[in-house]
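**Q** based on what follows, work out the 3D shape:
(2 chains)
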Amino acid sequence: MATLKVPVTPEDHIQGDPNAELTLLEYGDYECPHCGRAHPIVKRVQKHFGRRLRFVFRNFPLTQIHPNAQAAAEAAEFAGANGRFWEMHDLIYENQERLGRPLLFALTEELGLDAQRLRDALTAGEFEPRVRRDFLSGVRSGVNGTPTFFINERRHDGPWELENLVTALEARRAVV
Amino acid sequence: MANILERGTPAPDFTLPVTPDQKLSLGEVKGNPVILAFYPADWSPVCGDQMALYNEVLPEFQKHRARLLGISVDGAWCHSAFARDRRLHFPLLADFEPKGAVARKYGAYREGDGFTERALFVIDKTGIIAWSYCSPVAVNPGADGILQALEELPR
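**A** Now for the predicted structure:
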């Protein structure tokens, strides 16, 4: 059974109560269509568990098959450095079919952030180490594709439809 | 699942096409660690993910001076189309004629199916198998086992 080798820290992007009893962690790629489909499912899982669940997102871009995935991950990190990670995260997935640099700049402006600053950050690779760190933590933890979910540090294998994730999370609650 | 060659076994040598007009021998890459990744077929979805993943992890393999070689029973022309499509930055060897001969030497051939297991071998710089792992055919084994094996190699 694969387990999370790099524990969740305050450096991570965490949505919900940081001390929640349940953790759902996703390794995702912004250009991956499966991750796009998982996005609303995660929202519904969060709604189902409310304050009992925290959701953590880590980057796992497959850059050679998804040419926009790295820039998208860096754009989300750029927004995160400005306190707007989750808004950018949602906006990218909600507009995934139009993903590309023009979309990333437009979404940045929509959030009231400076698109030129993002352009500079992408050119300089400012957020590249952060994204790579996420990616390598995933490789170490046995992530083999996207999306890969971990529930309280244990990899969730198999389907990730709403009912599968809810059942798996409930089972972890019973153990805790 | 097949009984693949285990740790401590000398890695059988082979010479296979790496492009339609070039061949590569295991002996040629000795001196540095080699990662041999047998996979069932080009284009099948799980393999695609597995090779795409290794493509991204390549810089980590290179930190250990390890050479990654993918290997399946697909022909060299098929490999070159697949590698171009997926932008793979490592060689794919064609265990095509006689079909699966190298996979057989490593105990990684699936007789009934006519393709190879999803089997991984880390071969040390002296040509001895340092680690091997056979994954269920439908499961992408990831890269964590390979990285750990590389770290455990004597310097």
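**Q** residues contacting the residue nearest to the spatial centre of chain A?
**A** Most central in chain A under Cα atoms, centre = their mean is residue A:57, positioned 3.1 Å from the mean C-alpha point. Shown in contact with residue A:57 (Cβ atoms under 8 Å, 6 or more residues apart in numbering or on different chains): A:13, A:15, A:25, A:26, A:28, A:89. Where you see a C-beta, it was placed from the backbone N, CA and C, and this is true even at glycine.
**Q** quick check, nearest of those residues to residue B:23?
**A** Of all those, the one with the least separation from residue B:23 (Cβ to Cβ) is residue A:28, at 40.2 Å.
**Q** need the contact list for the closest one.
**A** Neighbouring residues of residue A:28 by Cβ under 8 Å, 6+ apart: A:35, A:38, A:57, A:58, A:59, A:60, A:146, A:147.
**Q** remind me what the helix or strand where residue B:56 lies packs against, helices and strands.
**A** Using DSSP states H and E, residue B:56 sits within helix B:45-63. For helix B:45-63, the helices and strands in contact under the criterion 3 or more Cβ pairs under 8 Å, 6 or more residues apart in numbering or on different chains; DSSP states H and E are helix A:128-140, strand B:34-38, strand B:67-72, helix B:76-86, strand B:118-123, helix B:144-152.
**Q** residue A:122: what's it in contact with?
**A** A:71, A:74, A:75, A:78, A:101.
**Q** most surrounded residue in the contacts of residue A:57?
**A** The most crowded member of the contacts of residue A:57 is residue A:28, carrying 29 neighbours; neighbours defined as other Cβ atoms under 10 Å in any protein chain shown.
**Q** can you tell me how far the closest residue to that residue other than its chain neighbours is from residue B:120?
**A** Beyond its immediate neighbours in the sequence, the residue positioned closest to residue A:28 (Cβ to Cβ, 6 or more residues apart in numbering or on different chains) is residue A:35, lying 4.3 Å away. For residue A:35, the distance to residue B:120 under the criterion Cβ to Cβ, to the nearest Å works out to 26 Å.
**Q** chain A contacts on chain B?
**A** B:48-50, B:52-53, B:55-57, B:60, B:86-89, B:139-144, B:147 (Cβ under 8 Å from any Cβ of the partner chain).
**Q** residue B:115: what's its closest spatial neighbour, skipping adjacent residues?
**A** Residue nearest to residue B:115 in three dimensions, not counting chain neighbours: residue B:40, with 4.4 Å by Cβ to Cβ, 6+ apart.
**Q** over to the one you found: give its phi and psi.
**A** Dihedral pair for residue B:40: phi -60, psi -40, per degrees, to the nearest 10.
**Q** for the strand or helix carrying residue A:79, name the packing helices and strands.
**A** Here residue A:79 is covered by helix A:69-81, with elements defined by DSSP H and E. In terms of contact count using 3+ Cβ pairs under 8 Å, 6+ apart, helix A:69-81 is assigned the packing partners strand A:53-59, helix A:85-94, helix A:101-110, helix A:115-124, helix A:128-140.
**Q** save these as TSV, and put in distance to residue B:15 and mean pLDDT too.
**A** Output for the helices and strands packed on helix A:69-81, formatted as TSV (distance: least, Cβ to Cβ, whole Å; pLDDT from 0 to 100):
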stretch	distance to residue B:15	mean pLDDT
strand A:53-59	40	98
helix A:85-94	47	98
helix A:101-110	45	98
helix A:115-124	44	98
helix A:128-140	31	97
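**Q** any idea which of those is most buried?
**A** The densest packing among these, expressed as mean neighbour count by mean count of other Cβ atoms under 10 Å in any protein chain shown, is seen in strand A:53-59 with a mean of 22.
**Q** what distance separates the start and the end of stretch A:136-152?
**A** Separation of the first and last residues of stretch A:136-152 by Cα to Cα, to the nearest Å is 19 Å.
**Q** can you list the weak-confidence ranges in the chain?
**A** Just going to use chain A. Per-residue confidence for chain A (pLDDT under 70) gives these ranges: A:174-176.
**Q** think we crossed wires, I meant chain B
**A** When the per-residue scores of chain B are filtered using pLDDT under 70, the ranges that remain are B:1-2, B:46-48.
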